[in-house]
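In: no sequence on this one, just coordinates:
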DNA sequence: GTCTATAGTCGGATAGAC
DNA sequence: GTCTATCCGACTATAGAC
């Protein structure tokens, strides 16, 4: 965010055409790759994902992904940091939104969380990160992120610890169900259908629309 | 669980000493390996774990682990199935327990969930499995397991969909915090301390005792 | 029932050209 | 800024002996 528009035409010694549609500023590429990484890490997890898969999803070569981020681990760190930034930004926007629709702040924030499903892989990637607590570097970053969300609820939103915990809990359940792809059994298994409906009371149709389904590649 | 005591001394053509402390019935080995696998998959996840790590944790050779379970994937499937069986068994025991302590069934079951922390890696492994929904074989198994837990709440315990959802949600939060190793920051970060306390109101001391900490190898 | 040796594959990272 | 070629370590799985 707040992209630093360095280069694009500047101190570079080369006179390459910048409008090929191929050569972008490394800042833009970084953003493209982060989008791809979010999706890939979301489906595969940190260890399961390959830098090559991310690269292909972003339309660049595998070594270039590594080159830009230094390592797969750094790429993952950048990815979850980005995800967290978006998450908190969405929460803040929801908190600040006018109440023209008569919804409470809590409802609006909950809604914002569900809406983030549209950002492919965001919830899943964060959930994966949260399970990596034993990894010295990723774990530490994940804990910081988790704590930041908690802080948002307590300090910015101003709810008490019990309410904050309930909020987080609902969030974890939603993330889990997305990662589980419970949608895949929606409709076929009455039990699952009920569970799913219980999680997304009002926004069901939209959610069903947006969620990736089983036909997608693993 | 109702171990099938096949062999141990039977149709085998060999006259090996069975009490070397080394050579066990494959049934016992399987169980040992499942215990090790639960711990390893719990910290590393499915892709992050190696069959070699599991083997060393169980005190056998890597090829033997593969030999006994056929493949890493099968080992993982067997591991989560075992975990689910234990989980539901604990829930059923809690549900059936006398109310001599004046606790409601809900409290007893919640307690049982927290107590399962003592089974190393159980919560973390299940949580990992739940995030693998996109994997055709593991995802399907994970969904079945998740649905089985839901069914327990709705049919055996008899609570309604909203209560069941709240239960699941709390459970997912607890699992997440264990996987995050939020304990590692307990005491040092006031925010985290509060969050942690909020999740384990009464059983805090015990939980702090049982949870693996940061010093453990990744 | 269990091991050692090893084949085979995959994937992250590096070198270096354009 | 981006690619191709490639090295090398890691890891699953197989072969086959004891």
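Out: Received, thanks. Predicted, not measured: the structure shown is a model, and the values here were computed from it. Residues are numbered from 1 along each chain as shown, chains lettered A, B, ... in the order given.
In: make it CA atoms for all contacts and neighbour counts henceforth
Out: Fine.
In: wait, what's in contact with residue A:195?
Out: With contact taken as Cα atoms under 8 Å, 6 or more residues apart in numbering or on different chains, residue A:195 is in contact with B:150, B:161, B:165.
In: Give me the pLDDT for the first one.
Out: This points to residue B:150. We have a pLDDT of 97 for residue B:150.
In: Can you tell me the element it falls in?
Out: Using DSSP states H and E, residue B:150 sits in helix B:136-151.
In: need the longest helix for chain A.
Out: helix A:72-96 (DSSP state H).
In: and the residue lying closest to residue A:179 once chain neighbours are set aside, how many neighbours?
Out: Setting aside the residues directly before and after it, residue A:179 is nearest to residue B:131 in space (Cα to Cα, 6 or more residues apart in numbering or on different chains), at 4.4 Å. Residue B:131 has 30 neighbours, counted by other Cα atoms under 10 Å in any protein chain shown.
In: One more: residue A:143?
Out: Burial measure for residue A:143: 24 neighbouring residues, criterion other Cα under 10 Å.
In: What separation is there between it and chain B?
Out: 6 Å (Cα to the nearest Cα, to the nearest Å).
In: got a list of what that residue touches?
Out: Residues near residue A:143 by Cα under 8 Å, 6+ apart: A:130, A:133, B:180, B:181, B:182.
In: repeat that for 10 Å
Out: A:129-133, A:149, B:177, B:180-185, B:192 (Cα atoms under 10 Å, 6 or more residues apart in numbering or on different chains).
In: same check, this time on residue A:126
Out: Applying Cα under 10 Å, 6+ apart, we find residue A:126 in contact with A:38, A:41-42, A:45, A:79-81, A:83-84, A:142, A:145-146, A:172, A:175.
In: rewinding a little: quick one: which of the contacts of residue A:195 is nearest residue A:65?
Out: residue B:165 (40.6 Å; Cα to Cα).
In: tell me the angle the host helix or strand of that closest one makes with helix A:161-180.
Out: Residue B:165 is part of helix B:161-180 when elements are defined by DSSP H and E. Here helix B:161-180 points in a direction 90 degrees away from that of helix A:161-180 (axes from the mean of the first three to the mean of the last three Cα atoms, to 10 degrees).
In: what's the model's confidence in the longest helix of chain A, averaged?
Out: Averaging pLDDT along helix A:72-96 gives 98.
In: wait, does that helix make contact with DNA strand D?
Out: No: judged by Cα under 7 Å from any atom of the strand, helix A:72-96 stays clear of DNA strand D, getting no closer than 14.0 Å.
In: returning to what we had before: just the buried ones out of the contacts of residue A:126, please.
Out: Among the contacts of residue A:126, those classed as buried by 16 or more other Cα atoms under 10 Å in any protein chain shown are A:38, A:41-42, A:45, A:79-81, A:83-84, A:142, A:145-146, A:172, A:175.
In: Most widely separated two among the residues you listed?
Out: A:79 and A:172 (19.0 Å).
In: Relative to residue A:109, how far out is the residue nearest in space to the middle of chain A?
Out: The C-alpha lying nearest the average C-alpha coordinate of chain A belongs to residue A:122 (Cα atoms, centre = their mean; 1.8 Å). The gap separating residue A:122 from residue A:109 is 16 Å, by Cα to Cα, to the nearest Å.
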